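Visitor: all I have is the shape, not the residue letters:
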């Protein structure tokens, strides 16, 4: 889907998300060292589905831990620790806490989290954790474990690191959403039976479907000019409708541009057929004339190529469409190309 006309907005979304995950793991590891902890754990929970784990970072734990934790959480009570994932109380947001900092210090050892995670996986019995939040929204639970109690200096060190954790988690969330959006977008665009383009704030083409790709090959310069005109508030002189869309991880304005076509628009059918039958631009030009009833000699004169070359392209079109004759090719064109 990405090509020279794209400005690369989401081209590396998956790579950026992987980089962000690595950076988050490195930050958690560095904090574990700084706090002299035996283990470190960070995990994010879906705001829409509190039983769904968005990510797990486990440092100093077996490789099988993350998967086991992801399996356990959906079966756990919503309040599996001393906070509500949907709305952490204000006093716990971005504040490092030890079990003794709660009104009932022994309550932490009676939680499902302690019973099913801390105990069975032999995490250190002494804990220091923080609910990293963006406003009232929980970004991640980040905790550290060891056998010796965490002193006030450890609490202070973790508190100083909360801004860095929050910034990294915000970035990780944005890039993860962007990567998911980028992965799903090609299928969404190709389901549109017309040329469709995702445009950036200045009208640049960021994604296009296969029909849009074919249209770009034929009249790319004009398309880009008109899309820029629309972004600048001027009228687009091409038959496109524009729909504002939200892009995960971006506050900028984006638009979905969809070509307005009629079902008897032969030129549009030619583009659709070329995409469906996976033929090149010159074969598309030949097809446009074949379906209008032009002879091979006429097509050769119109396109400035030899009659033998036209015959070669027609043969390729017949094979691509699964047709045995010129008449069957035209029939398939008018019955299949629109879908």
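Guide: It's in. Keep in mind that what you see is a predicted model, and the values were worked out from it rather than measured.
Visitor: please make it C-alpha for all contacts and neighbour counts, starting now.
Guide: Fine.
Visitor: give the contact list for the residue lying farthest from the centre of the chain.
Guide: Relative to the mean C-alpha coordinate of the chain, counting by CA atoms, centre = their mean, the farthest residue is residue 297 (49.4 Å). Residues near residue 297 by CA atoms under 8 Å, 6 or more residues apart in numbering: residue 307.
Visitor: repeat that for 10 Å
Guide: Residues in contact with residue 297, defined by CA atoms under 10 Å, 6 or more residues apart in numbering, are 305, 306, 307, 308, 310, 311.
Visitor: and for residue 211?
Guide: The contact partners of residue 211, taken as CA under 10 Å, 6+ apart, are 189-190, 192-197, 259, 268, 271-276.
Visitor: mind doing that once more with 8 Å?
Guide: Shown in contact with residue 211 (CA under 8 Å, 6+ apart): 190, 193, 194, 195, 196, 271, 272, 275.
Visitor: okay, it: pLDDT?
Guide: We have a pLDDT of 83 for residue 211.
Visitor: quick revisit: helix, strand, or coil at the residue farthest from the centre of the chain?
Guide: helix (DSSP: H, G, I helix; E, B strand; the rest coil).
Visitor: check which helix or strand residue 241 maps to.
Guide: If you go by DSSP states H and E, residue 241 is part of strand 240-245.
Visitor: got the contact list for the residue nearest to residue 106 when sequence neighbours are not counted?
Guide: Spatially, and ignoring its direct neighbours in sequence, residue 106 is nearest to residue 99 (7.2 Å; CA to CA, 6 or more residues apart in numbering). Residue 99 sits next to 105, 106, 107, 108, 126, 127, 128 when contact means CA under 8 Å, 6+ apart.
Visitor: rerun that using 7 Å as the cut-off
Guide: Residue 99 makes contacts with 105, 108, 127, as judged by CA atoms under 7 Å, 6 or more residues apart in numbering.
Visitor: quick one: least confident helix or strand in this structure?
Guide: helix 326-336 (a mean of 77; mean pLDDT, DSSP states H and E).
Visitor: list the contacts of that one.
Guide: Helix 326-336 has contacts (CA under 7 Å, 6+ apart) with 273, 291, 318, 321, 323.
Visitor: would you turn those residues into JSON lines with pLDDT?
Guide: Below are these laid out as JSON lines (pLDDT from 0 to 100):
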{"residue": "273", "pLDDT": "82"}
{"residue": "291", "pLDDT": "82"}
{"residue": "318", "pLDDT": "90"}
{"residue": "321", "pLDDT": "86"}
{"residue": "323", "pLDDT": "85"}
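Visitor: show me which of those are buried.
Guide: For these, a neighbour count by 16 or more other CA atoms under 10 Å gives the buried set as 273, 291, 318, 321, 323.
Visitor: make CSV out of those and add distance to residue 201.
Guide: As requested, the buried ones among the contacts of helix 326-336 are arranged in CSV below (distance: CA to CA, whole Å):
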residue, distance to residue 201
273, 31
291, 39
318, 42
321, 39
323, 44
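Visitor: the helices in the stretch 101-250 of the chain, which residues?
Guide: Here the stretch 101-250 of the chain has its helices, by DSSP state H, counting those that start in this stretch, at 112-113, 152-190, 210-231.
Visitor: what ranges in the stretch 1-150 of the chain fall below the confidence cut-off?
Guide: Along the stretch 1-150 of the chain, segments meeting pLDDT under 70 span 1-14, 16.
Visitor: skipping its backbone neighbours, what lies nearest residue 76 in space?
Guide: In space, residue 76 is closest to residue 112, 7.2 Å off (CA to CA, 6+ apart).
Visitor: from residue 139, how far out is that neighbour?
Guide: For residue 112, the distance to residue 139 (CA to CA, to the nearest Å) stands at 21 Å.
Visitor: ok, and the most crowded of the contacts of residue 99?
Guide: Using other CA atoms under 10 Å as the neighbour criterion, residue 127 leads the contacts of residue 99 with 23 neighbours.
Visitor: check contacts around the residue lying closest to that one once chain neighbours are set aside.
Guide: Distances taken as CA to CA, 6+ apart place residue 145 nearest to residue 127, at 4.6 Å, with adjacent residues excluded. When contacts are counted by CA under 7 Å, 6+ apart, residue 145 touches 37, 38, 39, 40, 123, 124, 125, 126, 127, 128.
Visitor: next one: residue 191 from residue 30, what distance?
Guide: For residue 191 relative to residue 30 (CA to CA), the value is 46 Å.
Visitor: about what we covered before: is it possible to export the contacts of residue 145 to CSV including distance to residue 54?
Guide: Output for the contacts of residue 145, formatted as CSV (distance: CA to CA, whole Å):
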residue, distance to residue 54
37, 24
38, 24
39, 20
40, 17
123, 22
124, 24
125, 26
126, 26
127, 22
128, 22
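Visitor: out of those, grab the one that's most surrounded.
Guide: Going by other CA under 10 Å, residue 40 tops these with 28 neighbours.
Visitor: surely that residue and residue 59 touch.
Guide: Yes: judged on CA atoms under 7 Å, residue 40 makes contact with residue 59 at a distance of 5.0 Å.
Visitor: centre of the chain to the least confident helix or strand of the chain, how far?
Guide: Chain-centre distance of helix 326-336: 38 Å, with CA atoms, centre = their mean, to the nearest Å.
Visitor: mind listing what's buried along that helix?
Guide: Buried-residue list, helix 326-336, by 16+ other CA under 10 Å: 326, 329, 330, 333, 334.
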